[in-house]
Every structure is written in C-alpha cells, then in structure tokens.
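Engineer: build the 3D model from these lines:
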Amino acid sequence: MNKIHPHPPAGRSTIRIIGGHLRRRRLHLTPFPQLRPTPDYLRETLFNWLHSSITDAHCLDLFAGSGALGIEALSRGAQITVFIEKEIQGVRQLKNNLTQIGISSSHARIVHTCALQWLSQPTISDQFNVVFIDPPYTQQHFITECCQLLHRHQKLTPEAWCCIGMPIKRNLVLPENWQLHRHSHSGIASMHLYRYNAR
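Structural biologist: Purely as a prediction, here's the structure:
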C-alpha cells in the first residue's frame, strides 16, 4: 500500500478525495500559476448530481490542474479519465498523485497540451460520457469554444454531461444543444451541470 504522508512538505498542501473506493485519500498540491482546485463542497455536490451516470463512464478532464475532478470520478467508478493539462508542473503533479494512490495507466491518461489544441484534432476518436471544464478564471473565455469543439468533432456520447466551473457572477452563453440541468455555488465559485443533446 502506498504511504500517504499526514503532513505535506513545506510549500505544499493537500485536497481530499470525497467519495468512492479512494475516499479520504489525499492529493498533494504544489502551487503553480493558474492552479485553482475545485472547492470540496462543489465537488461533493457535483458528484451527487452525477451518481447514477459515473459508473463505467469515460471522462474528460480539461484544464485538469490538480486532477481532483477526474480522480474523484475514477474513485467513484468511472472506467477511464483523460486529463488534459498544458502546464508541465501540473502534468508532473498529476503523474505523482496517480502513482501514489495506485491508479494505473489503463484507467488514467495524461495529455500534456492545451485543451483547445487537443479538442481541435478531428482524428482523435475518443468519445466521453462526462466532461469537466473548470479553467483558470483568466481563461473563462475558452469555455464556449470547448463546448463547440466537443460537438463539432463528435467527442461526446449522446446525452453526455458537461460540468462547468466558473466565477459566480460570470454569464455563460452556450450553443442551444447544451441544456442547463443544475447549478450550485460556494463563495465566488460556481458549478453548472449541462446535458448535451446530440443533433
């Protein structure tokens, strides 16, 4: 069994996995520019919404950062999560955390690239049931384009779920084939769950 240090080294912090078979395990975080982990309350609320859809799901964690959303999905029974992260510090951190908590490469794949660049590749045949889009607050303008690319390049299964994190006061305009299902907030952060209507 991998050891989890109860006290992280100086300059590091941790976030906990909330549910599933990895419940209470902790992910180490080393701060880097743009890192903004999703608050525990919003993660718990989101996965309560998704509880009947996450088992065996194929998940995509765009702007993965700490990987907390994608790892939480794996803990709760998702078959695989693809993590997209452009910052090399985030990629290293993801690799270390996945190794430490014992998630194999058959269930997690890390891609070191920009989310928009990866989504723009029509040759990638992966399709996903659940997508997490929780970019840094300075990159919120990418959200709509991400949703357009997911649809344009057929990266979604019919009636897929899209989970979008953003500041509570920001307005979001998405294509008509995305329907808001639920939303919640904690402090200045909010989480919105959309249902995709393939057409």
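Engineer: now do the contacts for T14.
Structural biologist: By CB atoms under 8 Å, 6 or more residues apart in numbering, T14 lies in contact with P8, R26, L27, H28, L29. For every residue, glycine as well, the C-beta is placed using N, CA and C.
Engineer: same check, this time on T144
Structural biologist: Contacts of T144 (CB under 8 Å, 6+ apart): L172, V173, L174, P175.
Engineer: just A73 next, same as before
Structural biologist: Counted by CB under 8 Å, 6+ apart, A73 has contacts F47, I54, A57, C59, D61, T81, V130, F132.
Engineer: related to what we said a few turns ago, let's have the contacts of T14 in a markdown table, adding secondary structure, distance to P158 and pLDDT.
Structural biologist: Putting the contacts of T14 into a markdown table (DSSP: H, G, I helix; E, B strand; the rest coil; distance: CB to CB, whole Å; pLDDT from 0 to 100) gives the following:
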| residue | secondary structure | distance to P158 | pLDDT |
| --- | --- | --- | --- |
| P8 | coil | 42 | 37 |
| R26 | strand | 36 | 91 |
| L27 | strand | 32 | 89 |
| H28 | strand | 38 | 82 |
| L29 | strand | 36 | 81 |
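Engineer: buried ones among those residues?
Structural biologist: R26, L27, H28, L29 (16 or more other CB atoms under 10 Å).
Engineer: the residues you listed: which two are farthest apart?
Structural biologist: R26 and L29 (9.4 Å; CB to CB).
Engineer: quick one: the helices in this structure?
Structural biologist: In the chain, the segments counted as helices under DSSP state H are 40-49, 68-75, 88-100, 115-119, 142-152.
Engineer: burial count for A64?
Structural biologist: Neighbour count for A64, taken as other CB atoms under 10 Å: 27.
Engineer: scratch that, R170
Structural biologist: 12.
Engineer: what's the nearest residue to it if we skip its chain neighbours?
Structural biologist: Q140 (6.0 Å; CB to CB, 6 or more residues apart in numbering).
Engineer: and if you look at Q127?
Structural biologist: T157 (5.2 Å).
Engineer: so which elements touch the longest strand that the chain contains?
Structural biologist: Scanning the chain for the longest strand, with DSSP state E as the assignment, gives strand 156-167. Applying 3 or more CB pairs under 8 Å, 6 or more residues apart in numbering; DSSP states H and E, one finds that strand 156-167 makes contact with strand 128-133, helix 142-152, strand 189-196.
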